[in-house]
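Enquirer: fold the stuff below for me.
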Amino acid sequence: MSPALVNRFKWYRRLPGNRQVGRSLHFLVLCAYVAFVIAHVAMVFVTGFARNMNHIVIDSDNLLRFGMYIG
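Expert: I've put the predicted structure just below:
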């Protein structure tokens, strides 16, 4: 999608098909990434937000909210 890159490497233009194919692939990967993040954040909330944030942020297994506030 960059004109300088396409001018330097002529074969790059034909790699994904055309610009619209490249844009569509990027959009689909973005949607998959957003769905992945939403699913995993939901699992953190469902299984105990404060305790999981303590595991993630400060590597502690307690119910204090310190890790939640830092995160």
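
Enquirer: point out where the protein drops to low pLDDT.
Expert: Flagging of the chain using pLDDT under 70 yields the residue ranges 1-2.

Enquirer: make it 90
Expert: Residue ranges of the chain with pLDDT under 90: 1-24, 48-53, 55-71.

Enquirer: point to the residue nearest the middle of it.
Expert: In the chain, the centroid-proximal residue (Cα atoms, centre = their mean) is Tyr33; its distance is 4.5 Å.

Enquirer: the longest helix seen in the chain: what's the following helix or strand?
Expert: Longest helix in the chain, counting residues (DSSP state H): helix 19-46. Following helix 19-46 in sequence order, the next helix or strand is helix 49-57 (DSSP states H and E).

Enquirer: quick check: angle from that next one to helix 19-46?
Expert: On the basis of axes from the mean of the first three to the mean of the last three Cα atoms, to 10 degrees, helix 49-57 is oriented at 120 degrees to helix 19-46.

Enquirer: output the contacting helices and strands for the longest helix of the chain.
Expert: helix 49-57 (3 or more Cβ pairs under 8 Å, 6 or more residues apart in numbering; DSSP states H and E). The way it works is simple: take the backbone N, C-alpha and C, and place the C-beta from them, glycine included.

Enquirer: give me every residue that touches the closest residue to His55 other than its chain neighbours.
Expert: Among residues not flanking His55 along the chain, Asp61 sits closest, at 6.8 Å (Cβ to Cβ, 6 or more residues apart in numbering). When contacts are counted by Cβ atoms under 8 Å, 6 or more residues apart in numbering, Asp61 touches 51, 54-55.

Enquirer: centre of the chain to the longest helix of the chain, how far?
Expert: 7 Å (Cα atoms, centre = their mean, to the nearest Å).
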